[in-house]
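Peer 1: 3D model of this:
(one chain, ligands or ions: 1)
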Amino acid sequence: MLIKMQGDGFNNLFSSEITSQTVYEKRRALIKLMATGVAGAALASWAARDAMAQVPRPGKLAALPGAKTSVAGATTLEKLTDYKDASTYNNFYEFGTDKSDPAKNAHTLKTTAWTVEVEGLVKKPARYTLEDLLKLSPMEERIYRLRCVEGWSMVIPWVGYSMSELIKKVEPLGSAKYVEFVSLADPKTMPFVGSRVLDWPYVEGLRLDEAMHPLALLGFGMYGEVLPNQSGAPVRMVVPWKYGFKSGKSIVKIRFTDRLPATAWNKAAAQEYGFYSNVNPEVDHPRWSQASERRIGEDGLFAKKRKTLMFNGYEAQVGQLYAGMDLKRNF
Ligand code: MTE
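Peer 2: The predicted structure is shown next:
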């Protein structure tokens, strides 16, 4: 059944995707029980994790909850970045180059009647409506670290499902080696499309096996709600082991190819932004070190920088994708 939502965000959401109040209350009751010390320690840590994976909604946009994910490594117990920071400190160059620009300007983005064209080397090319995509697989909540190439990071509870679910549906041909993600480039609603900072549309890409990795998320929401426009509504990629720019926002096209995709940042400055762009503290950006990072929300004069982890801390999950590769050359 379709439910009409008010305000921004999607016009229609599906009732099956909304966690019932009873389930929510049961969880709260269990957590209360933990506090009284009635249940054992093992159960307590399980409940804490469960509570983490059911983040309170900011109450700004339409609800989009996700079940606790079954994907290993997709949830961390680190403190979440405040919604306010995550939704006001953004990179979305179509709406300006300052971190505060997307939150100010992205209200013009039209997320209704959204479609995503899947084309190229697949058996079943298709044009998906957003509603089709929302129904394609159950929604999961995943708390990912996201590390930006500029040296800051956030911890965000994303809502979506593995990109592999969509890939399996369209059946890539044996010749498909890469997947390209093309963002909307609409000069009427995106004031900086046409500016010379980047070659529009914003294009990003992954090797097919990277895109098939269960951690690569097709994201529709964050903090239990649909994505705010500035975060890449209504659908974006979230690839947590790579620098943030690999995660294209407001995607309208997914293209399967046999050629290394020409990506926006690689075209703009190939010596600075490689195709892989795996988070790697041992490979510096030509103009700055990548060994440490600032967690957004932890600033201040005495805030210590954090050490950046190989593959952003997801090495156990994704390291084997790069076995035998020289990661200094393939940066
Ligand atoms: N996608 C598009 N279409 N345009 C962009 O400018 N910026 C990228 C990425 N996806 C960008 C984009 C960069 S540099 C980063 S760090 C992340 O989005 C930022 O995501 P966030 O604003 O949700 O933190």
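Peer 1: which parts of this protein sit against the ligand?
Peer 2: 90-94, 148, 183, 202, 231, 244-245, 247-250 (C-beta under 6 Å from any ligand atom). C-betas here are computed from N, CA, C, even on glycine.
Peer 1: R57 looks like it's in a helix, true?
Peer 2: No. The assignment for R57, made by DSSP: H, G, I helix; E, B strand; the rest coil, is coil rather than a helix.
Peer 1: The closest residue to it other than its chain neighbours and the ligand, how far apart?
Peer 2: Spatially, and ignoring its direct neighbours in sequence, R57 is nearest to G224 (4.2 Å; C-beta to C-beta, 6 or more residues apart in numbering). Per C-beta to the nearest ligand atom, to the nearest Å, G224 is found 16 Å from the ligand.
Peer 1: ok, G224 - contacts?
Peer 2: Listed by C-beta atoms under 8 Å, 6 or more residues apart in numbering, the contact set of G224 reads 54-57, 63-66, 141, 157, 159.
Peer 1: likewise L198?
Peer 2: Counting by C-beta under 8 Å, 6+ apart, L198 touches 93, 264-265, 267-268.
Peer 1: Could you identify the buried members of those?
Peer 2: The neighbour count (16 or more other C-beta atoms under 10 Å) marks 93, 264-265 as buried among the contacts of L198.
Peer 1: quick revisit: going by distance to the ligand, which of the contacts of L198 wins?
Peer 2: The closest of the contacts of L198 to the ligand turns out to be Y93 (C-beta to the nearest ligand atom; 3.5 Å).
Peer 1: and that closest one, what are its phi and psi?
Peer 2: When read as degrees, to the nearest 10, the backbone of Y93 gives phi -60, psi -20.
Peer 1: who's in contact with it?
Peer 2: Contacts of Y93 by C-beta under 8 Å, 6+ apart are 192, 195, 197-198, 202.
Peer 1: Over to K307?
Peer 2: Residues near K307 by C-beta under 8 Å, 6+ apart: 281, 291-292.
Peer 1: Ranking by neighbours, what's the top pick from those?
Peer 2: Neighbour counts for the contacts of K307 peak at P281, which has 17 neighbours (criterion: other C-beta atoms under 10 Å).
Peer 1: All the helices of the chain, in order from the start?
Peer 2: Taking DSSP state H, the helices of the chain run over residues 21-35, 41-52, 83-86, 101-105, 130-135, 163-170, 208-212, 264-268, 315-318.
Peer 1: Show me what the third one is packed against.
Peer 2: The helices and strands touching helix 83-86, judged by 3 or more C-beta pairs under 8 Å, 6 or more residues apart in numbering; DSSP states H and E, are strand 152-162.
Peer 1: can you give me the angle the strand it packs on makes with helix 163-170?
Peer 2: With axes from the mean of the first three to the mean of the last three C-alpha atoms, to 10 degrees as the basis, strand 152-162 and helix 163-170 are set at 30 degrees to each other.
Peer 1: Show the average pLDDT along strand 152-162.
Peer 2: Per-region confidence: strand 152-162 scores 98 on mean pLDDT.
Peer 1: Parallel or antiparallel, list what pairs with it.
Peer 2: If you go by DSSP bridges, strand 152-162 pairs up with strand 140-147 (antiparallel), strand 217-222 (antiparallel), strand 292-295 (parallel).
Peer 1: Between these, which one is closest to G120.
Peer 2: Taking C-beta to C-beta, strand 217-222 is the member of the strands paired with strand 152-162 nearest to G120, at 17.0 Å.
Peer 1: Check the closest residue to G244 other than its chain neighbours and give its pLDDT.
Peer 2: Leaving aside its chain neighbours, G244 sits nearest to C148 (4.1 Å; criterion: C-beta to C-beta, 6+ apart). With respect to pLDDT, C148 has a value of 98.
Peer 1: K242 is in contact with C148, correct?
Peer 2: No. C148 is beyond contact range of K242, at 10.6 Å (criterion: C-beta atoms under 8 Å).
Peer 1: Looking at the two, which one has more neighbours?
Peer 2: K242 (26 against 20).
Peer 1: gap between the more buried one and N90?
Peer 2: Distance, K242 to N90, using C-beta to C-beta, to the nearest Å: 17 Å.
Peer 1: what does G120 give?
Peer 2: 29 Å.
Peer 1: what does D82 give?
Peer 2: Computed as C-beta to C-beta, the D82 to N90 distance reads 14 Å.
Peer 1: again, but for L146
Peer 2: L146 sits 11 Å away from N90, going by C-beta to C-beta.
Peer 1: Which one's more surrounded, the two?
Peer 2: Higher neighbour count among L146 and N90: N90, with 25 against 22, using other C-beta under 10 Å.
Peer 1: Might you report the residue contacts of that one?
Peer 2: By C-beta under 8 Å, 6+ apart, the contact set of N90 is 99, 102-103, 230-231.
Peer 1: make it 10 Å
Peer 2: 96, 98-103, 106, 148, 228-232, 244, 249 (C-beta atoms under 10 Å, 6 or more residues apart in numbering).
Peer 1: Local confidence estimate at it?
Peer 2: N90 is assigned a pLDDT of 98 by the prediction.
Peer 1: swap in S289?
Peer 2: So, for S289, pLDDT stands at 98.
Peer 1: Nice, that's everything, thank you.
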